[in-house]
Each structure stands twice: as structure tokens, then as C-alpha cells.
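Asks: starting from these lines, generate the structure:
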Amino acid sequence: MTRTVMAEPAPRSDRMSRKWFDYAAAHPSTSVAIGVVALCTGDLPTREEVALLVSLAVDAYPELGRHPVPRPAGSAGAPGTPFRLDRQIFEVEAASGSGQTGLRAVLEQLTAEPLPEALWGVWLVHGYATGEFAVVLRGHHALFDGLLLADIIACALGAEPRPTRAVAGPPPRRGAYAAALREARALFRDRGRAAQPVPPSVKLTGRVQYMWEGVPVERMREAASAHRATTNDVYLAALAGALRAWAPDPQWLAGGRPVRVQVPIGYPHEAGRLGVRATAAWVRLPCEVDDPAERIALVKVQTDRLRASLRNPHTGALTRLVSRFLGRFDLDLQYHPGWMSMLVSHVPGPAATPAIAGRTVTAGVPLMFLPASQYLATAMCDFAGVTQLCVVADRAVPDVGELAQQWVHQVGLLGGHE
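Replies: Residues are numbered from 1 along each chain as shown. A predicted model of the protein is given here:
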């Protein structure tokens, strides 16, 4: 299928996109792509069928069909000009009968390769298991955040994305600086070098590995209900328990060092527009606490405060202010291992049970990027009735699969199933 997109309006140029392009240029061995893997059963769809799904997403988000603005240095294609969508669809055959190991090997290889010219693409992966295949959507973080990625997937699957609303302009400057000062005080109140679960003797390779495990969405909801919490609270509390049990460095919590994680909070996007609309929130994981119920109570106190802060139009003023003056150095500071223990994200899946060209989708695996100088990051996604936790880690980090399994065990403890 050949389809050239001539869509308006032209993509916008903004500081947030430029910040991500500059960060990627400063760390060439770090892939800043994020994405989702849809695990499917049935016969393999044709490229034409996949192209039809892609066209649905482009119809809803016309900027997908044009070279992004701004462009990374040295890239081909004039900013804002259209390109053929069929050149963004790729087919990869994994080692025959290699199972999930073979699929992970393909994903890890894709992460090591440059993104396509348009900075996003769809990969059809097959061969790893009879009657199974995976559809992978990946793109540069300058184009997408987690909320936007979820909406694009919903459009491609013919599902209804979350309702959009007109995005308000920036809040009045009056009060913004005071809000930024309050956020800075709260941020630096939690002093101390961040705890790292992996010992410094483990040297980063710059290559990644993926491991994932899933639990039924209903089990997450049961655990949340048992503690009058949200599924995000369950995610974070279970991660705290999993890190406590898994950490390769037995001394990582010595001296009361905080396990400080960044939890990106997304805001609604203007209908049909790409970009990143998110601010950095910080949560201290109570890994030092032995009791699962106490851990989720401590997490809930922090997340309740974060949710309440979102009612203030000035929330995120510090992130906006720092981004304006520091650009990509803002990301370097946020992701510095002395300040951040790890990045923890949540990609919401479509509300309806999805299908791809009539084939059944059994689960969705979120692909988080691994910041430079970090050992690991996690992302959670609810998809087809299954909540998947995906851990992305440097290849030098040992026993990453055990961390994902520990998370499943901790969810069971919170729900009374273990």
C-alpha cells in the first residue's frame, strides 16, 4: 500500500521537543525511543493490513505523516514535509521457535539501531512461536509521551481514545514563580544521594535488556481495593517490595539513602497534535519497610499529595522554568544517578479489548527508554485485561527477570493471594 500524507497543520516546534533531541545527541549510545509491543495470536497479517491500521492513526494525528519539527542535527528530510507511510512499516523474523527469548532479542536489537527517518515506525515480528506475532510501535520521545502513545494505539486499533479538550494556555505568570519555589523546597527537602540497587562495580555497557511479567488487571484492582488505594499505588508499593528482595547490592540502603524515583505525570494533549506534555513528579519508595501494607500506606500518602497538586494550574512550574533555561541539561540533572534511583512510568492501555486486523491481542508490553547513566527503569501497561510490568536494564545488570517475578509476587501479597 502506497499512501503519501498531505496533512495540515504543520508540526509545531517547541522547547520540550528540542530538549529531547539535544539530550539524544549528547548521549548517542542511549536510545530515547519509547513504545508498546502488542502480543498477538492468529495468522500473520500482511503489510497492507498493518498499513491500514497505521493510516487510521495518521488520520487522527496528521503530524505523524510529516517529518518532525524541529529535526535532529544531520537528519534528512525537510521539516514538515510529507513522506510515504509504507516506508515506516518493517518486518522482522525472529529465530524460529525461540519463544519470548527470541522476541526480546529482536526488541533489544531494534533499540540498538537508529530510528527510521521519520523518527517512528511499526515493526511486525514473527517466527518466535507458532501462531503468534508481535506488532511494535516505537518512536522518539520528542514526539510522544505515554498518554499520547496510548491514544495513538487506540486510534490504530479502531478504538476510541480518551476524550480530548482544548488545551489551556500557560497559567498567568503571577503565582508561577512562587509555585516553582515551593516545588524546589519540596524537592530538596529529601536530601541525600539516591540509593542505587545495583553496585557501582557493575559497569554500564550501553546495551539494554528487556524482561516482563504480567498479572490480571482484576488482581491489581483487588489489591488496590484492599488498601483503599489506586492501581498506581499498588504498582509502586509492589516495586518497592520487589527491589528490596531483589537488589544485587546488599548495602544499597545503608545510611538511610532514599530510593527516589521519577514518576512522569502527563497532561491532556490538544486534539491531533504530537509532543510531550508531562512534568516530573518524585516519589520515595519505602524499600526499607518490611510490611507490604505499611509500604502501600506510605506510597499512598505521597501519591494523594501529588494528585491534589494537579488541581493547581501552576503545578509543574519548576519543570517548565528549568526547561526554559537549561534545555537538555534539565534532563541530565533529573536522571543523574546521584539524584534519581530509577525512572518509573505507566502507559495506559485502551479501555476496550483490542484486536489487530481481526487477530486477538493477548497483552501489551510497554517499552521504556533507559536514561544515560542509569541501571534500570520500569513501565507498566494495562492491555487486554493484563497488567504487564516491563523492566528495561543495562545488559550488565544480573537477574533482571527475577525483579519482574518479584513484582508479581508483591502484587499477590498486597492482594492477599500469597
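
Asks: go ahead and flag the most central residue of this protein.
Replies: By Cα atoms, centre = their mean, the chain has its centre lying nearest to residue 368, at 4.1 Å.

Asks: tell me the contacts of that residue?
Replies: By Cβ atoms under 8 Å, 6 or more residues apart in numbering, the residues touching residue 368 are 34, 343, 345, 377-379, 390, 392. For glycine as for every other residue, the C-beta is placed from the backbone atoms N, C-alpha and C.

Asks: what does residue 205 give?
Replies: Taking Cβ under 8 Å, 6+ apart, one finds 394-396 in contact with residue 205.

Asks: is it possible to get a markdown table of the residues you listed that adds pLDDT and secondary structure?
Replies: What follows is the contacts of residue 205, written out as a markdown table (pLDDT from 0 to 100; DSSP: H, G, I helix; E, B strand; the rest coil):
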| residue | pLDDT | secondary structure |
| --- | --- | --- |
| 394 | 97 | strand |
| 395 | 96 | coil |
| 396 | 96 | coil |
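
Asks: where in this structure is pLDDT low?
Replies: Judged by pLDDT under 70, the chain has its weakly predicted residues at 1-16, 67-83, 157-192, 266-272, 277, 309-327, 351-353, 418.

Asks: select the longest helix from it.
Replies: Of all the segments of type helix in the chain, defined by DSSP state H, the longest one is helix 292-309.

Asks: what is that helix packed up against?
Replies: helix 231-246, strand 278-285, helix 400-415 (3 or more Cβ pairs under 8 Å, 6 or more residues apart in numbering; DSSP states H and E).

Asks: give me the distance between the closest residue to residue 96 other than its chain neighbours and residue 364.
Replies: Leaving out its chain neighbours, the residue that sits closest to residue 96 by Cβ to Cβ, 6 or more residues apart in numbering is residue 127, at 5.4 Å. Residue 127 is 20 Å from residue 364, where distance means Cβ to Cβ, to the nearest Å.

Asks: of these two, who's got more company?
Replies: The residue with more neighbours, out of residue 127 and residue 364, is residue 364; 25 against 18, by other Cβ atoms under 10 Å.

Asks: got the buried residues for the host helix or strand of the more buried one?
Replies: For residue 364, the host element (DSSP states H and E) is strand 359-367. Buried positions in strand 359-367, judged by neighbour count with 16 or more other Cβ atoms under 10 Å: 359, 361, 363-367.

Asks: and that strand, which strands flank it?
Replies: Paired strands of strand 359-367, with direction, are strand 33-41 (antiparallel), strand 355-356 (antiparallel) (DSSP bridges).

Asks: find the nearest non-adjacent residue to residue 121, please.
Replies: residue 88 (4.8 Å).

Asks: swap in residue 328?
Replies: Excluding its sequence neighbours, the residue lying closest to residue 328 (Cβ to Cβ, 6+ apart) is residue 22, at 3.7 Å.

Asks: which SSE is that neighbour in?
Replies: Using DSSP H and E, residue 22 sits within helix 15-26.

Asks: which helices and strands does that helix pack with?
Replies: Identification of packing neighbours for helix 15-26 by 3+ Cβ pairs under 8 Å, 6+ apart yields strand 132-140, helix 317-326, helix 328-334.

Asks: report the buried residues of it.
Replies: Going by 16+ other Cβ under 10 Å, helix 15-26 has these buried residues: 16-24.

Asks: list just the nearest of those residues to residue 254.
Replies: Of all these, residue 254 sits closest to residue 23, with 31.6 Å by Cβ to Cβ.

Asks: distance of the residue nearest to residue 328 from residue 384?
Replies: 37 Å.

Asks: once you drop chain neighbours, what's closest to residue 38?
Replies: Closest residue in space to residue 38, ignoring its immediate chain neighbours: residue 135 at 4.6 Å, by Cβ to Cβ, 6+ apart.

Asks: what sits against the one you found?
Replies: Contacts for residue 135 (Cβ under 8 Å, 6+ apart) come out as 37-38, 40, 50, 122-125, 356.

Asks: among those residues, which ones are buried?
Replies: 37-38, 40, 50, 122-125, 356.

Asks: please tabulate those in TSV, including the columns distance to residue 204.
Replies: What follows is those, written out as TSV (distance: Cβ to Cβ, whole Å):
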residue	distance to residue 204
37	24
38	30
40	33
50	35
122	30
123	26
124	31
125	27
356	35
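
Asks: just to revisit the earlier point, tabulate the helices and strands packed on helix 292-309 in a markdown table, adding columns for distance to residue 110 and mean neighbour count.
Replies: As requested, those are exported to a markdown table (distance: least, Cβ to Cβ, whole Å; neighbours: other Cβ atoms under 10 Å):
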| stretch | distance to residue 110 | mean neighbour count |
| --- | --- | --- |
| helix 231-246 | 25 | 24 |
| strand 278-285 | 24 | 20 |
| helix 400-415 | 18 | 21 |
